[in-house]
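Visitor: sharing a model that was predicted from the sequence below.
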Amino acid sequence: MTRDPLQEIWKKEDGPSTVKIDKEWLLNLVRKKQRDFNHAVLRRDILEIGIFLLCAPIFVYYGIASTKDGGPHVWTWYLVTVACLWNAGFFVANRIWWKKKTNPTDPATSFLDRSVSEIENQIWLLKNILWWYLLPPGIAFLCVYLQRMIQESGAVESAEQLWAIRWDFAFSYLVIVLVFGILYYINQRYVRTELEPRKTELLELRENLIGEEF
């Protein structure tokens, strides 16, 4: 549910209109929306973890295969493997930490408080996506490109060939940076247009229902 429908519902109930909204019905609607949101987050996490765990051995293979036919060992591929495992582990650790935080022993914790906490966790996760999600593989790929560029530069005989290699690797890495930039923009826009309004909506609903038992 977007922010506006809930606001309209509360205007109808609290304003001079004779229309009355069943609060239990409204809370059930919010619970359903929050369950759908949590299921979507869970599916995303499972997909992301699966992809990173699948990619990790692939980059190990790249590192091993680089020595075939007497080629130089591109050991920096293993750094990409570490970055994949880091990202997968971060998803798991975040879910464990969040469950401990949002499942206190105090049974008085309301559903809306937990919902706000869930949204805040996703806002924090996506606002910091550059540092924990994009930067580790970005640095790892940079190391791979630098090592390969150095190795190939040692075998060239002219300055033109050297600069051609440098430009080739620079362009390839800029493509990765561009993709990461697009991912960053999409996630920040999602925070601004979806998560933060959703958080405000839940906070307003909690204020309107202050004193209610959930």
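Guide: Everything's here; your move. Fair warning: this is a prediction, and the values are worked out from it, not measured in the lab.
Visitor: poorly predicted segments of the chain, please.
Guide: 1-21, 102-109, 210-214 (pLDDT under 70).
Visitor: mind listing what the spatially most central residue of it touches?
Guide: Per C-alpha atoms, centre = their mean, the C-alpha nearest to the average position across the chain is that of residue 126, at 5.0 Å. Listed by C-beta atoms under 8 Å, 6 or more residues apart in numbering, the contact partners of residue 126 are 187-188, 190-191, 195. Every C-beta, even on glycine, is put in place using the N, C-alpha and C of the backbone.
Visitor: same thing but at 10 Å, please
Guide: When contacts are counted by C-beta atoms under 10 Å, 6 or more residues apart in numbering, residue 126 is found next to 133, 184, 186-191, 194-195.
Visitor: possible to save the residues you listed as a markdown table with neighbour count?
Guide: Listed next are the contacts of residue 126 as a markdown table, based on neighbours: other C-beta atoms under 10 Å:
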| residue | neighbour count |
| --- | --- |
| 133 | 22 |
| 184 | 15 |
| 186 | 11 |
| 187 | 18 |
| 188 | 14 |
| 189 | 11 |
| 190 | 14 |
| 191 | 18 |
| 194 | 17 |
| 195 | 21 |
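Visitor: just put these in a markdown table and tack on secondary structure and distance to residue 149.
Guide: Listed next are these as a markdown table, based on DSSP: H, G, I helix; E, B strand; the rest coil; distance: C-beta to C-beta, whole Å:
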| residue | secondary structure | distance to residue 149 |
| --- | --- | --- |
| 133 | helix | 25 |
| 184 | helix | 25 |
| 186 | helix | 30 |
| 187 | helix | 30 |
| 188 | helix | 32 |
| 189 | helix | 34 |
| 190 | helix | 35 |
| 191 | helix | 36 |
| 194 | helix | 41 |
| 195 | helix | 40 |
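Visitor: element containing residue 167, please.
Guide: With elements delineated by DSSP states H and E, residue 167 resides in helix 159-190, which encompasses its position.
Visitor: for that helix, packing partners?
Guide: When contacts are defined as 3 or more C-beta pairs under 10 Å, 6 or more residues apart in numbering; DSSP states H and E, helix 159-190 sits against helix 111-127, helix 129, helix 135-153.
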